[in-house]
Every structure is written in C-alpha cells, then in structure tokens.
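**Student:** how does the following fold in three dimensions:
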Amino acid sequence: MEDLPLETCFLVASLGLNVAALAPLSGSIYFNMSLTKAWYGEPTVARSILVSVYMSTVVASLCLICLLFLPNALYRSIGRHLSAGLLLFQILQSFLTPFTELEGFQGRALRPLACHLGMATFHGITLGVMFFSGSLDPVQL
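**Tutor:** Okay, here's the model as predicted:
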C-alpha cells in the first residue's frame, strides 16, 4: 500500500477522534452513568437528542473513513468533501455552545466544553491542512 498523503492522515485522525471520544461519551450518557450524570444532569429529552447527535456523528465518521479508502478516486474525493462539512459543523457547534448555555458554565459543564473545544481545534487544523494541500479543490470529471 502506498503512503497516505498528510491531509488524509489528518482527516482519518479527526474522524477517528470523533469515534474514540463520542462513542463512549454517548454510551455513558445513554446509560446514565454517574460521571456523565454529574456533567449532564438528570435524563431529559434534550439529553436524548444530544446522544442521537453524538451517535450520528460516530456513524457518519465511520462511514467517511470507509469512503476515504475506496479504490475509486471520485468516492475518495466525495469522502474528503463530506468529511470537511462534518468537521466544520462540529467546529461551529463547539464554539457556539458557550453562547447557548442558559445557566452559564458552572463547574460541571466546563470539562466537557474544554474537551469539545480541544476536538474543534484539532478539526480546524485538519481543515487547514486539507485546504492548503488542495484536497478540497473541485473534482474534475
């Protein structure tokens, strides 16, 4: 197998980070484990929606990783572009979260917020590498 381009390595790392961080987190929220109960509070409809968003991100990340390794160049390009959209969505969501917290970030929510901002920063670096490498240029058919 040939060496992977740097932008593909970053992209796989970002998508893998989504899976590694969000799969256990959504499972612990879903099963109402004590640590996530302390961070996210008692079960609510909003918490269930958050779990569905996290799990959707995990499934999308796994599918996109698969697309990146298909032999067809068009599918790999589609995978890169869809991945960029997912990462941009996550960055926006992470940086908008502090402005939508009604009660302010007091204690319990600071740690998950810091983790999300760290992931968003890594995703931003990945998008920068992809942009400057030209891998987000339109595909010529």
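**Student:** and whichever strand or helix holds residue 51, which residues are buried?
**Tutor:** Per DSSP states H and E: residue 51 is located in helix 45-68. Judged by neighbour count (16 or more other CB atoms under 10 Å), helix 45-68 contains these buried residues: 47, 50-51, 54-55, 57-58, 60-61, 64-65, 67-68. For the C-beta atoms, the positions are set from N, CA and C on the backbone; glycine is no exception.
**Student:** got it, and stretch 10-29?
**Tutor:** Buried residues in stretch 10-29, counted by 16+ other CB under 10 Å: 10-12, 14-15, 17-19, 21-23, 25-26, 28-29.
**Student:** check stretch 82-98 too.
**Tutor:** For stretch 82-98, by 16+ other CB under 10 Å, it's 83-84, 86-87, 90-91, 94, 97.
**Student:** likewise stretch 34-42?
**Tutor:** Neighbour-count burial for stretch 34-42, counted by 16+ other CB under 10 Å, picks out 36-37, 39-40.
**Student:** most centrally placed residue in this structure?
**Tutor:** In the chain, the residue lying closest to the centroid (CA atoms, centre = their mean) is residue 18, at 4.4 Å.
**Student:** from residue 133, how far off is the residue lying closest to residue 43 once chain neighbours are set aside?
**Tutor:** Take residue 43 and drop its neighbours on the chain: the residue closest to it by CB to CB, 6 or more residues apart in numbering is residue 32, 5.8 Å away. Residue 32 sits 43 Å away from residue 133, going by CB to CB, to the nearest Å.
**Student:** now swap in residue 93 and tell me
**Tutor:** Residue 93 is 25 Å from residue 133, by CB to CB.
**Student:** returning to what we had before: check contacts around the residue nearest to the centre of the chain.
**Tutor:** By CB atoms under 8 Å, 6 or more residues apart in numbering, the contact set of residue 18 is 57-58, 61, 90, 119.
**Student:** ok, residue 19 next?
**Tutor:** 58, 61-62.
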